[in-house]
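fold the stuff below for me.
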Amino acid sequence: QVQLVESGGGLVQAGGSLRLSCAASGRTFSSYVMGWFRQATGKEREFVAAISRSGGRTRYADSVKGRFTISRDNAKNVVYLQMNSLKPEDTAVYYCAADPSGWYSRDYNYWGQGTQVTVSS
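Here you go, the predicted structure:
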């Protein structure tokens, strides 16, 4: 079992930056692939980024590639999402997730409660 708590969301102007954090409980954090997803109002939840157990492998949605960076600190049980050059269309609730059924899967076993990111134009 792992519990995930996101933080770092807020209101930012277009072109600005935010860094989201996801703190995980438990001693098995380093055994989980971690991911970030987002859901805008009236839309389905979509994949944003994923990172391997060691942090050596990452993948991103095309919509955020080159602007967002996922990273992790296994000593602190935290995964981050650095978001730069934010656009109004990045506005959404961002969710941290752990332990997918496969590297390219959207089926994760554990989810955080989400943190709101709002980008004003």
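
from here on, just use CA atoms for contacts and neighbour counts.
Fine.

and the strands in this structure?
With strands called from DSSP state E, the chain shows them at 4-7, 10-13, 18-24, 34-39, 46-51, 58-60, 68-73, 78-83, 92-100, 108-111, 115-120.

got TSV for those, with mean neighbour count and mean pLDDT too?
Supplementary listing: these in TSV, determined by neighbours: other C-alpha atoms under 10 Å; pLDDT from 0 to 100:
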stretch	mean neighbour count	mean pLDDT
strand 4-7	20	98
strand 10-13	15	98
strand 18-24	21	98
strand 34-39	24	98
strand 46-51	22	98
strand 58-60	18	98
strand 68-73	20	98
strand 78-83	21	98
strand 92-100	24	97
strand 108-111	16	96
strand 115-120	20	98
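
wait, Thr41 sits on Ala92?
Yes. Applying C-alpha atoms under 8 Å, one finds Thr41 in contact with Ala92, separated by 6.9 Å.

contact partners for the residue most central in space within the chain?
Note on the chain: the residue nearest the mean C-alpha position is Trp36, at 2.5 Å, using C-alpha atoms, centre = their mean. Contact analysis of Trp36 by C-alpha atoms under 8 Å, 6 or more residues apart in numbering lists Phe47, Val48, Ala49, Ala50, Leu81, Tyr94, Tyr95, Cys96, Ala97.

kindly recompute the last result at 10 Å.
Residues counted as contacts of Trp36 (C-alpha atoms under 10 Å, 6 or more residues apart in numbering) are 20, 22, 46-51, 60, 70, 79-81, 94-98, 111-112, 114.
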